[in-house]
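# test case, fold it:
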Amino acid sequence: MRLLTGASSDDSFRFDVDPLSLTTFGSTVIVEGCDHGRLISWVHAWTVTDGTITQVKEYFNTSLTVTRLGDPSRSAEITTAHCPSVWESSFSSRVGKSVPGLVLAI
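A predicted model of the protein is given here:
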């Protein structure tokens, strides 16, 4: 916590925050970036309500796919047509290592 708030000056735990892209989907803001020196990729998913960030989800060294949920009440079976991929992280594949993948449904 001290590192995140800037109260700690221990350089061994510092990482560079270099945002590479910013995308919005309604009230959801997706920011992707990296720390080139440590080969760390990160994705933030912020929920914004009335101009204030009300929720933050943070993913490190994880390939993230954002999908928009459809209306499952129209069909008894949910297919990929109901959950189209609207965004995929790009930097995680460039860090030179295998990373887990997650799906964020909005």
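# quick check: E32 vs T47, distance?
Per C-beta to C-beta, to the nearest Å, E32 is found 16 Å from T47. All C-beta spots, glycine's among them, are computed from the backbone N, C-alpha and C.
# please read the previous query as pertaining to F25.
When distance is defined by C-beta to C-beta, F25 is 10 Å away from T47.
# output the below-cut-off pLDDT ranges for this protein.
For the chain, applying pLDDT under 70 flags the ranges 1-16, 70-82, 92-97.
# all helices of it, in order?
2-5 (DSSP state H).
# how many neighbours does S41 have?
Neighbour count of S41, defined by other C-beta atoms under 10 Å: 26.
# quick one: it and V31 touch, right?
No - between S41 and V31 there is no contact under C-beta atoms under 8 Å: 11.8 Å.
# ok, back up a step: more neighbours: which of E32 and T47?
Neighbour count, other C-beta under 10 Å: between E32 and T47, E32 has more, with 22 against 15.
# who does the more buried one form a beta bridge with?
Beta-bridge partners of E32, counted by DSSP bridges, are S21, V43.
# surely it is in contact with S89?
Yes - assessed by C-beta under 8 Å, E32 is found in contact with S89 at 5.5 Å.
# which neighbours do these two share?
Common contacts of E32 and S89, defined by C-beta atoms under 8 Å, 6 or more residues apart in numbering, comprise S41, V43.
# isn't G26 right up against I106?
Yes - taking contacts as C-beta under 8 Å, G26 lies within contact range of I106: 7.5 Å.
# between these two, which one's more packed in?
Between G26 and I106, counted using other C-beta under 10 Å, the more crowded position is I106 (15 against 9).
# what about the strands in the chain?
All strands of the chain, identified by DSSP state E, fall at 18-25, 28-35, 40-49, 52-60, 63-67, 85-88, 101-105.
# V29 and S21, how far apart?
In terms of C-beta to C-beta, V29 sits 11 Å off from S21.
# again but with F91, I slipped
In terms of C-beta to C-beta, F91 sits 8 Å off from S21.
# overlap in contacts of these two?
Residues touching both F91 and S21 by C-beta under 8 Å, 6+ apart: E32, G33.
# okay, the two: which has more neighbours?
F91 (19 against 13).
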